[in-house]
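Sequence and predicted structure are below.
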Amino acid sequence: MKTDQRIVNAMAELLRVQGYAATGIQQLAKASGAPTGSIYHFFKGGKREVAAAALRQTGATYIELLPLLLDRHADLATGIEAAFAAAAEDLAQTGWANMCPVGTVTGEIADVEPQLREVADEVIASWIDEGSRYLASRGLSDADARAAMYALLSALEGGFLLARGQRSTEPLLAAGRAMAAYVASLPVAAPADG
């Protein structure tokens, strides 16, 4: 693996586990196995630039999970509830580690790191756009797909926060049931004959 990619991967994991403020360049160097000079060689903007790259990479990877988790279910509502249950199980199995560095960093830096807030906004906007297209491909109207995607992200990120704080899967399981009920209430178009 290339050095710059190792640095970005290490930053993504550090952001997921401990957030932005608690992550320093020396810690990043140790976690990535790259000398400090290499970090600044590849990322002239230092920690902020590496964090931006890690958020973009993580965001692109995480939205790819949507079809992987939901395509196996013919019924979208059933798939959503199952996806939230899988997230709850993963969270518990990791010892309540942060599941989403984008959500964690966004909550932490929104008012103090405007450049990273803009990157988080970019990532979230891409999630909404790509997720909305996916949900529309599953039969929701464009407007319902967009509203559902916002609701799903809000429920998931809020569920992560509450589950971590309470050391309980209950918030994510409840959010999954609520989101499944909401999506089940939406009209679904019949698949087009191809």
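The structure has been received and is ready for your questions.

contacts and neighbour counts: CA atoms only from here.
Will do.

Identify all contacting residues around the worst-scoring helix or strand of the chain on mean pLDDT.
Lowest on mean pLDDT, DSSP states H and E among the helices and strands of the chain sits helix 101-109, with a mean of 89. For helix 101-109, the external contacting residues (C-alpha atoms under 8 Å, 6 or more residues apart in numbering) are 12-13, 15-17, 19-20, 55, 58-59, 98, 116-117, 120, 123, 157.

tell me which residues of that helix are tucked away?
If you call a residue buried by 16 or more other C-alpha atoms under 10 Å, then helix 101-109 has these buried ones: 101-106, 109.

after that helix, next one along is what?
As assigned by DSSP states H and E, the chain's next helix or strand after helix 101-109 is helix 114-137.

tell me the angle that next one makes with helix 101-109.
Here the directions of helix 114-137 and helix 101-109 differ by 140 degrees (axes from the mean of the first three to the mean of the last three C-alpha atoms, to 10 degrees).

So which elements touch helix 114-137?
The contact analysis (3 or more C-alpha pairs under 8 Å, 6 or more residues apart in numbering; DSSP states H and E) places helix 114-137 against helix 46-63, helix 101-109, helix 142-166.

Lowest average confidence across those helices, which one?
Ranked by mean pLDDT, these bottom out at helix 101-109, with a mean of 89.

Just want the angle from that helix to helix 46-63.
Going by the same axes, to 10 degrees, helix 101-109 makes 140 degrees with helix 46-63.

Make 30 the first number, not 1, from now on.
With the count now opening at 30, the last piece we talked about shows up as helix 130-138.

ok, for the residue nearest to the spatial centre of the chain, nearest residue in space, not its chain neighbours?
A centroid search over the chain (C-alpha atoms, centre = their mean) returns residue 129, at 4.6 Å, as the residue closest to the centre. Spatial nearest neighbour of residue 129, excluding adjacent residues (C-alpha to C-alpha, 6 or more residues apart in numbering): residue 45 at 6.0 Å.

and the residue nearest to the centre of the chain, backbone torsions?
Note on residue 129: backbone dihedrals following degrees, to the nearest 10 are phi -130, psi 110.
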